[in-house]
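>>> quick one, structure for this:
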Amino acid sequence: MRNQSRRDFCATAIATLFASTTSVRAGEKKYDPGASDTEIKLGQTVPHSGPGSLYGVLGRVGEAYFQMINEQGGLNGRKITFLTLDDAYSAPKCVEATRRLVEQEEVLALFGSLGTAPQTAVHKYLNAKGVPQLLLNTGASKWNDPKNNKWTMAGLPLYPTEARILAHHVINVKPDAKIGILYQNDDFGRDFLGPFKKVLADAGGKAQVIMEQTYDLTDPTIDSQLINLSKSGADVFYNISTGKASSQSIRKAAELGWKPLQLLSAGSTGRSILNAAGFDNAKVDAEFFAGTEVRSNFLCNLGVGDASKLFARSPRLGFDDACQVL
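Next comes the predicted model:
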């Protein structure tokens, strides 16, 4: 049997969902809201704006994916209508957007919605309504409760499992590690924190957490937390952050010259987050500004180049040829 791709898995999950939420009685088709002979309507809430806006790409990818499915004939002849709404990574806005999707748009299910705190805010509501939370883009341990919340299904590895894997990695590569931790002050952060520390304790305690710093999603920066961690003597940085905070923390550590072993959650290793953090200023300065007092301040990547279209660098004018000091 061939390995199933994530794309195939998503399509299979939606088809299974459709089958499980429809019934046929005496030859008469009966569908739940959001389903018909010609359409399956799905909804989603993700942060298209606000501190988690980097994850808005998930909505755009979802739109492109379902467009492709529709162009290929849909699912059993049914076209998929996919509505992705902005919740700004805010629990109240997620509640508002989710209620709109369920009560006004009458979607069959929520698909691929994101964020532990926002999705917690609508967890009981959706289960009480019998509306599936399908393949959530969050791995909080609470989603693994089919007995009490049968309509919720995580789409990521559970965070405690990932935390334990990261802790075992630290023990293997730095058995005497001094660990500094930055974590988001909510269920997301605590799901990564507790299991990680338990693995360290069970291993005998040679690898130790020497400082913990927290941040809230509403914090404009995490500079002070990073300064404290960099001065702590930690040689491992367990970075339990998301979105903007991940980019800021990676960037600030580089600015401070702090070079610990850094551990990131899988959800914070995407290109958009790492690009937003900037690249290696020291190497750019050495390459382009050696022997001068000029130093780069911020570097960014505006896209992914096509190697087949690259060409040799064009001639560059010297300063005296291009500029005049007045």
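>>> okay, strands next: where are they in the stretch 101-250 of the chain?
Assigned by DSSP state E, counting those that start in this stretch, the strands in the stretch 101-250 of the chain fall at 109-111, 133-136, 152-154, 178-184, 208-215, 236-240.
>>> quick one: which of these is nearest residue 227?
strand 208-215 (9.6 Å; C-beta to C-beta). Glycine gets a C-beta too; all of them are placed from N, C-alpha and C.
>>> quick one: strands adjacent to that closest one?
Using DSSP bridges, the strands paired with strand 208-215 are strand 178-184 (parallel).
>>> what residues does the strand it pairs with touch?
With contacts defined as C-beta atoms under 8 Å, 6 or more residues apart in numbering, strand 178-184 is touched by 170, 189-190, 192-193, 200, 207-217, 222, 225-226, 229, 232-242, 245, 249, 260.
>>> please repeat the previous calculation with a cut-off of 7 Å.
With C-beta atoms under 7 Å, 6 or more residues apart in numbering as the test, strand 178-184 has contacts from 170, 189, 192-193, 207-215, 217, 222, 225, 229, 232-242, 249.
>>> for PyMOL, write the select line for the buried members of those residues.
To isolate the buried members of the contacts of strand 178-184 in PyMOL, using 16 or more other C-beta atoms under 10 Å:
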select buried, resi 170+189+192+193+207+209+211+212+213+214+215+217+222+225+229+232+234+235+236+237+238+239+240+241+242+249
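>>> so for stretch 76-89, what gets flagged as buried?
78, 79, 80, 81, 82, 83, 84, 85, 86, 87, 88, 89.
>>> whoops, stretch 42-49 was the one
Going by 16+ other C-beta under 10 Å, stretch 42-49 has these buried residues: 42, 43, 44, 45, 46, 47, 48.
>>> the residues you listed in strands, which ones?
42, 43, 44, 45, 46 (DSSP state E).
>>> give the bridge partners for the second one, please.
For residue 43, the beta-bridge partners under DSSP bridges are residue 83, residue 110.
>>> which ones are touching it?
Residues near residue 43 by C-beta under 7 Å, 6+ apart: 83, 101, 105, 107, 110.
>>> mind listing what the last one touches?
It refers to residue 110. 43, 44, 98, 101, 126, 131, 132, 133, 134.
>>> now pLDDT and distance to residue 63 too, for those residues, in JSON lines please.
As requested, the contacts of residue 110 are exported to JSON lines (pLDDT from 0 to 100; distance: C-beta to C-beta, whole Å):
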{"residue": "43", "pLDDT": "98", "distance to residue 63": "12"}
{"residue": "44", "pLDDT": "98", "distance to residue 63": "9"}
{"residue": "98", "pLDDT": "98", "distance to residue 63": "18"}
{"residue": "101", "pLDDT": "98", "distance to residue 63": "15"}
{"residue": "126", "pLDDT": "97", "distance to residue 63": "22"}
{"residue": "131", "pLDDT": "96", "distance to residue 63": "20"}
{"residue": "132", "pLDDT": "95", "distance to residue 63": "20"}
{"residue": "133", "pLDDT": "95", "distance to residue 63": "19"}
{"residue": "134", "pLDDT": "93", "distance to residue 63": "16"}
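>>> from residue 145, how far off is the closest residue to residue 120 other than its chain neighbours?
Leaving aside its chain neighbours, residue 120 sits nearest to residue 187 (6.4 Å; criterion: C-beta to C-beta, 6 or more residues apart in numbering). Going from residue 187 to residue 145 by C-beta to C-beta, to the nearest Å gives 14 Å.
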